[in-house]
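Trainee: Curious how this folds, go ahead:
(4 chains)
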Protein chains: 2
Amino acid sequence: MKDSKGQILKISLLLFLQKGFKEVTMNEIVKSSGFSKGAFYHYFSSKEEVFKEVIDVYFKQMLHLDYETLPSDSLKSFYQANLDIHKKRDKMIRSWYQETFEGDFPNNIYYILFDALRLLPEVREQQQKRIKAEVKAWEKVIEKARANDEIKTILSSENLAKQFVYSSDGIALHMVMISSSAELIDEVKTVWESLYKSIKT
Amino acid sequence: MKDSKGQILKISLLLFLQKGFKEVTMNEIVKSSGFSKGAFYHYFSSKEEVFKEVIDVYFKQMLHLDYETLPSDSLKSFYQANLDIHKKRDKMIRSWYQETFEGDFPNNIYYILFDALRLLPEVREQQQKRIKAEVKAWEKVIEKARANDEIKTILSSENLAKQFVYSSDGIALHMVMISSSAELIDEVKTVWESLYKSIKT
DNA sequence: TCTTTAAAACCGACCATTCGGTCTGTGTTA
DNA sequence: TAACACAGACCGAATGGTCGGTTTTAAAGA
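Mentor: Purely as a prediction, here's the structure:
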């Protein structure tokens, strides 16, 4: 089975990740995926639709983390598991890129996110919920870690949770800016570890 | 004196801040600024050029901070001065926006930055230098604060500096995502203050 | 002060190209 | 043999950019 639709979808994702919605043209999508306009419009009704589907199929799960399944017995194992998942995802999308394109992967996850926020109203809501859930999940783990005497700090759990969440996003942003997203996870690790060390009992 | 060129430049900045380079059309620029194509091309040779000039004139100074002039006698006064400057800049650009457009200012500073990074090679270099200088400046102040017994932490100065820098960028990103950049500075203030409290002697 | 004049400022119809999208036709599969 | 999977020439709309012409400005001349 050829899964042409899946192929087009994947290529579209990679293109949108590089340049955002508007800058990617139909001819690019069609050529890069090795199909024709006819094939494309056989599977999708418009450029908007393929973008929407890219967001639905790939992007949401790229950002989504099921915090229930992460180990919450200690803050350390929690952030380590967090790092592992992101490392895996990064690897996967990089290998996808190299199947089709050459050179470095100019990954800018935020570019496509901004487009999604602007073009797809429901994404904004979901994103807000996601962020809140993320901070809440960290908070919960932190509370527990505090109760278990794993950590000790005068920071409120909320603010400490924010430190973890915000720092990772800040780093991601910096990496995009200096175009070395490959080093992203390692830098997050360094910062999180140092933050952890400073609060652990 | 009318400074038509300046007017066009300012409007272009505001438009690019909303939608990025590609999504803004010449007709939009021309209409919003109240001129004609003829006027525009009298002052600029192309859409690319006005973008370049927008980055040169406005954007670089929006990101630039002259750390030499900031008070470095204490970490507290340093980050407070930092907040003040950003507050002022935010106010200014908001008032510009309301001179011409109505409703909320859909400010996404990163969208235009990403375009600049992609379209103007020299911006990437400058941005890398800027980031390095920023962390260095924080480090220096932190070292001093440590020597003066203002703060006490097992965190290295570098990592602590990164905490401050990364957290502010992470927050900025979150605010863009939930489209409430008006609350940005206050949230940065909260997080920085809590971080400060946790390390001050 | 009025007139001349040339450059600067500005207008908007128009142009070439590119864009997203359509449509007719052909090979393939079940 | 009918539905599916694709190819690619083609289309109208939109885009960035041009150009001939008009108005405004301001310095110079009378």
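Trainee: Not counting its neighbours along the chain, what's nearest residue A:97?
Mentor: residue A:105 (4.3 Å; Cβ to Cβ, 6 or more residues apart in numbering or on different chains). Using the backbone N, CA and C atoms, a C-beta is placed for each residue, glycine as well.
Trainee: Spatially central residue for chain A, please.
Mentor: residue A:63 (4.0 Å; Cα atoms, centre = their mean).
Trainee: Can you report how many residues lie near the nearest residue to that one once chain neighbours are set aside?
Mentor: Nearest residue to residue A:63 in three dimensions, chain neighbours excluded: residue A:130, at 6.4 Å (Cβ to Cβ, 6+ apart). Residues near residue A:130, counting by other Cβ atoms under 10 Å in any protein chain shown, number 16.
Trainee: Helix, strand or coil: sort out residue A:130 for me.
Mentor: Secondary structure, DSSP: H, G, I helix; E, B strand; the rest coil: residue A:130 is helix.
Trainee: thought it was touching residue A:64?
Mentor: Yes - assessed by Cβ atoms under 8 Å, residue A:130 is found in contact with residue A:64 at 7.2 Å.
Trainee: quick one: common contacting residues for those two?
Mentor: Counting by Cβ atoms under 8 Å, 6 or more residues apart in numbering or on different chains, residue A:130 and residue A:64 have no contacts in common.
Trainee: what pLDDT does residue A:182 get?
Mentor: At residue A:182, the predicted lDDT confidence score is 82.
Trainee: which other residues reach stretch A:168-188?
Mentor: Contacts of stretch A:168-188 (Cβ under 8 Å, 6+ apart): A:83, A:86-87, A:90, A:94, A:104-110, A:167, A:191-192, B:110, B:113-114, B:117, B:124, B:127-128, B:131, B:165-174.
Trainee: Quick check: end-to-end length of that stretch?
Mentor: Using Cα to Cα, to the nearest Å, one end of stretch A:168-188 lies 6 Å from the other.
Trainee: Only the buried residues of that stretch, if you could.
Mentor: Neighbour counts over stretch A:168-188 (16 or more other Cβ atoms under 10 Å in any protein chain shown) mark A:168-177, A:179, A:181, A:184-185, A:187-188 as buried.
Trainee: closest to residue A:197 among the residues you listed?
Mentor: When those are compared for distance to residue A:197 (Cβ to Cβ), residue A:188 wins out at 14.8 Å.
Trainee: where's the closest one, which helix or strand?
Mentor: helix A:184-199 (DSSP states H and E).
Trainee: Hmm, residue B:198 and residue A:154 touching each other?
Mentor: Yes - between residue A:154 and residue B:198 there is a contact under Cβ under 8 Å: 5.4 Å.
Trainee: between these two, who's got more neighbours?
Mentor: Neighbours per residue, other Cβ under 10 Å: of residue A:154 and residue B:198, the larger number sits with residue B:198, 19 against 12.
Trainee: so where is chain A shaky, pLDDT-wise?
Mentor: A:1 (pLDDT under 70).
Trainee: if we go to 90?
Mentor: In the predicted model, chain A carries pLDDT under 90 at residues A:1-2, A:59-63, A:100, A:102-108, A:128, A:175-185, A:199-201.
Trainee: How about the residues of it by DNA strand C?
Mentor: A:24-27, A:37-38, A:41, A:45-48 (Cβ under 7 Å from any atom of the strand).
Trainee: Would you map the helices across chain A?
Mentor: A:4-23, A:26-33, A:37-43, A:47-54, A:60-63, A:75-100, A:109-119, A:121-147, A:157-177, A:184-199 (DSSP state H).
Trainee: wait, which of these is closest to residue B:20?
Mentor: The nearest among the helices of chain A, by Cβ to Cβ, is helix A:4-23 at 6.9 Å.
Trainee: which strands and helices sit next to the closest one?
Mentor: Applying 3 or more Cβ pairs under 8 Å, 6 or more residues apart in numbering or on different chains; DSSP states H and E, one finds that helix A:4-23 contacts helix A:26-33, helix A:37-43, helix A:47-54, helix A:75-100, helix A:109-119, helix B:4-23.
Trainee: out of these, which comes closest to residue A:138?
Mentor: helix A:75-100 (7.9 Å).
Trainee: Now for the closest residue to residue A:194 other than its chain neighbours: which residues touch it?
Mentor: Nearest residue to residue A:194 in three dimensions, chain neighbours excluded: residue B:159, at 4.0 Å (Cβ to Cβ, 6+ apart). Residue B:159 makes contact with A:190-191, A:194-195 under the criterion Cβ under 8 Å, 6+ apart.
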